[in-house]
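A.B. asks: A structural model of the following input is requested.
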Amino acid sequence: MSGPVGLGAVLPREAAESLRAELGRLRISADVHEGHRLALVSVWVGLVVWCDGQRFWWRTSWNARRRRFVYAWHSSSEPEGAARRVALWYAQLRREGPVLPEGVDHGPR
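C.D. replies: Next up is the predicted model:
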């Protein structure tokens, strides 16, 4: 991994670990993975939070008209707020299942 990107910059892994810790405070376990200048926080089936050191982002829905996912994001300088938002999405995914694109064969369920 290369050095800091700028004054006060946070490395992706550090930001991801801070999000993982905040999720832990909310009793949500997650794993952190790192590579290609990004860190990933794996939370649940269909819920992976990407981090570049400046922001967190995750998939929230599918736009059928544009045929692409819609993403939410939150500043990595506020891991507590990001964790609260991710926790709300996590609860919804646990109730309803992952968001899947329409018109794509996802195999047996």
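
A.B. asks: check the gap between residue 95 and residue 41 for me.
C.D. replies: 21 Å (CB to CB, to the nearest Å). Yep, even glycine has a C-beta here, placed from its N, CA and C like the rest.

A.B. asks: settle it for me: which of those two has more neighbours?
C.D. replies: Applying other CB atoms under 10 Å to residue 95 and residue 41 shows that residue 41 carries more neighbours, namely 25 against 7.

A.B. asks: what about the more buried one, which SS state?
C.D. replies: Following DSSP: H, G, I helix; E, B strand; the rest coil, we place residue 41 in the strand state.

A.B. asks: list the residues that contact it.
C.D. replies: For residue 41, the contact set (CB atoms under 8 Å, 6 or more residues apart in numbering) comprises 16, 19-20, 23, 30-32, 48-49, 51, 56, 86.

A.B. asks: any low-confidence regions in the protein?
C.D. replies: In the predicted model of the chain, residues 1-8, 103-109 satisfy pLDDT under 70.

A.B. asks: where do the helices of it begin and end?
C.D. replies: In the chain, the helices defined using DSSP state H lie at 12-25, 79-96.

A.B. asks: mind putting these into CSV with distance to residue 72?
C.D. replies: As requested, the helices of the chain are exported to CSV (distance: least, CB to CB, whole Å):
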stretch, distance to residue 72
helix 12-25, 13
helix 79-96, 7
